[in-house]
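Sequence first, predicted coordinates after that:
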Amino acid sequence: RMGDGERSRNLLQEERHHFRSSEKRGIAGNAAFQEALSLHLCGHGDEVLVKFEDRAIRAASGNPFYHCSLIMGLIIVSYFKGDLTRVVNYATRLKPLAQAVGSEFLAHGLSIFFQGCSKLHRGNFEAAAKHFDTIAQRQHPIVRPRAFDAMGALSLCLQMLQQDRDAMRALRDLQTYARELNDANGIKIAQSWEARIQLLQGDLGRAASWAGYISPPPAFIELYISLEVPGITKARIWVALGTDESLERAYTLLQEIGERARSWDFTNQIIETDVLKSLALAGLGREDEAMKCLSATIDLAAQGIWMRPFLEPGRPMADLLMQLDNHGLATDFSRQLLSEIQARQVRQPNHALTGPDQQVALEAGLRKSMTPRELDVLELLAQRLQNQEIADKLFVSLETVKFHLKNIYQKLGVGKRREAVEKARNLGII
């Protein structure tokens, strides 16, 4: 039951007695893992940590598969709660258990994955890269979405270490892997990772081209424990563009994603969205709101020492952290973040675009995002043709024209024909 913790919990409780026999311990392990997730979604994450820790102690001398499943449940809930210290401790406990069960068991790969996640979010990119590379080399089995995550995260770590070529090589490996599997979602995630890396490398035009249209907020399974959420990366790019329109678009999307993350108590994604939201608010001139949002997010992140979401934006976040100090809202953790960002700025060039360059990148991105047929429709719109007339001119159906118009409106951020024409002209698209 995707995102429906109450319903999932009730179903598991109804069927729990079927899993008690020793020959069904594998099923019992999977049920325990799902129970941990459903309890967290119902707002009982703290209860899970107490209850499952007790079960894990009692299961230590029993079936190792069941024991591993309990530990995995503890890892997932700790990660949702943003408690990276617990994540590391449980992942370390999981590794020898998983090895005892067998190399084909997914727990070993997940142990390495979550150790890598913890290092990544705490800004230890070199150590994180080693964990993710182990998974990228297919040394241990792991569920496919986490394999995509690990390969993309390896690229991110290498980029944060200023190893641009190695980062792109890791990214190409991910793209190849997703295509070989013919995995549509994997291909989409790889494209999102590519835009994120392009942004970090200062190629805002190409990143903006990918982010040129609005997509719906991510569903439960897309947020979950994902290291790459396309909607959040689009918001990153729109914030970096820095125009009033792109900032408003980013803020609206981040609000929607943040609300979903809060409804499922995903602290990991709340930190991610609110860091970017504070930047969007600052860019829109809503300084008091930005300071309030940033201060609350820093307090939340400090509990698990989450650093990477603040480090990734670079200089704009450093500027915002200095404003926080000016408002008397600085903390030891915010000063630690500022110090780390400033140290990174000394070691690497700043790729951020400002002023007219941002507008040029936005225009180039929108032009590239338009298909040839969409450009044809725009040209005919500019001639004041109606939908049926456009369909006749292009030898397509009326429904096809409506489909193209919908995409055009989304990419341009408008809702009417005249607005689309006017904006396309202003941007030099037609």
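Yep, it's here.

use CA for all of it now, contacts and neighbours both
Fine.

Which residues belonging to the helix or strand encompassing D392 are considered buried?
Here D392 sits within helix 387-394, counting by DSSP states H and E. Of the residues in helix 387-394, those scored as buried under the neighbour-count criterion (16 or more other CA atoms under 10 Å) are N387, I390, A391.

cool, stretch 183-201 as well?
Of the residues in stretch 183-201, those buried under the neighbour-count criterion (16+ other CA under 10 Å) are 186-187, 189-201.

And for stretch 118-127?
S118, K119, L120, H121, R122, G123, N124, F125, E126.

again with stretch 416-430
R417, A420, V421, A424, L427, I429.

Next secondary structure element downstream of the helix or strand hosting W238?
Secondary structure here is read from DSSP H and E; on that basis W238 sits in helix 230-241. Sequence-wise, the next helix or strand beyond helix 230-241 is helix 244-263, with elements assigned using DSSP H and E.

other SSEs contacting whichever helix or strand comes after that following helix?
With elements assigned by DSSP H and E, the helix or strand that comes after helix 244-263 is helix 267-283. Counting contacts by 3 or more CA pairs under 8 Å, 6 or more residues apart in numbering; DSSP states H and E, the secondary-structure elements packed against helix 267-283 are helix 64-80, helix 230-241, helix 244-263, helix 287-302, helix 308-311, helix 315-326.

For Y177, state which of the buried residues of helix 387-394 is nearest.
When those are ranked by distance to Y177 (CA to CA), A391 comes first, at 39.8 Å.

which ones are touching that closest one?
When contacts are counted by CA atoms under 8 Å, 6 or more residues apart in numbering, A391 is found next to S397, L398, T400, V401.

Let's see if you can find the most crowded of those residues.
Within the contacts of A391, most neighbours by other CA atoms under 10 Å means V401, with 20 neighbours.

which SS state does that residue fall under?
On the three-state scheme (DSSP: H, G, I helix; E, B strand; the rest coil), V401 is labelled helix.

burial count for G205?
Residue crowding around G205 was assessed by other CA under 10 Å; the count is 26.

Check the gap between it and L394 for me.
Separation of G205 from L394 (CA to CA, to the nearest Å): 30 Å.

next one: A219
Using CA to CA, one obtains 36 Å as the distance from A219 to L394.

got it, and I408?
For I408 relative to L394 (CA to CA), the value is 16 Å.

swap in E259?
Counting by CA to CA, the separation of E259 from L394 is 42 Å.

Give the rounded mean pLDDT of stretch 176-184.
Taken as a whole, stretch 176-184 has an average pLDDT of 95.

what distance separates that stretch from the centre of its chain?
20 Å (CA atoms, centre = their mean, to the nearest Å).

So which residues make contact with that stretch?
Under the contact criterion CA under 8 Å, 6+ apart, stretch 176-184 has outside partners F148, G186, I187, A190.

Show me the two of the residues you listed that sit farthest apart.
Greatest spacing in the contacts of stretch 176-184, by CA to CA: F148 and I187 (9.3 Å).

The stretch 51-200 of the chain: helices as residue ranges?
Assigned by DSSP state H, counting those that start in this stretch, the helices in the stretch 51-200 of the chain fall at 64-80, 84-101, 106-121, 125-136, 144-160, 164-180, 184-200.

just checking, what packs against the fifth one?
So that's helix 144-160. If contacts are counted by 3+ CA pairs under 8 Å, 6+ apart, helix 144-160 sits against helix 106-121, helix 125-136, helix 164-180, helix 184-200.

returning to what we had before: any chance of the helices and strands packed on helix 267-283 in CSV, plus distance to L106, mean pLDDT and mean neighbour count?
Compiled in CSV, the helices and strands packed on helix 267-283 are given as follows (distance: least, CA to CA, whole Å; pLDDT from 0 to 100; neighbours: other CA atoms under 10 Å):
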stretch, distance to L106, mean pLDDT, mean neighbour count
helix 64-80, 10, 88, 25
helix 230-241, 26, 93, 25
helix 244-263, 26, 93, 20
helix 287-302, 29, 96, 19
helix 308-311, 27, 97, 22
helix 315-326, 38, 90, 18
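
Any chance of those in CSV with distance to R138 as columns?
Written out in CSV, the entries for the helices and strands packed on helix 267-283 read as follows (distance: least, CA to CA, whole Å):
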stretch, distance to R138
helix 64-80, 20
helix 230-241, 24
helix 244-263, 31
helix 287-302, 32
helix 308-311, 25
helix 315-326, 36
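
what's the pLDDT at the residue lying closest to I298 once chain neighbours are set aside?
Take I298 and drop its neighbours on the chain: the residue closest to it by CA to CA, 6 or more residues apart in numbering is S334, 6.6 Å away. Here the pLDDT value assigned to S334 is 96.

Hmm, S334 is touching L320, no?
No. Because the distance of 10.3 Å does not satisfy CA atoms under 8 Å, S334 is recorded as not touching L320.

Name all residues that make contact with D46.
Shown in contact with D46 (CA under 8 Å, 6+ apart): H40.
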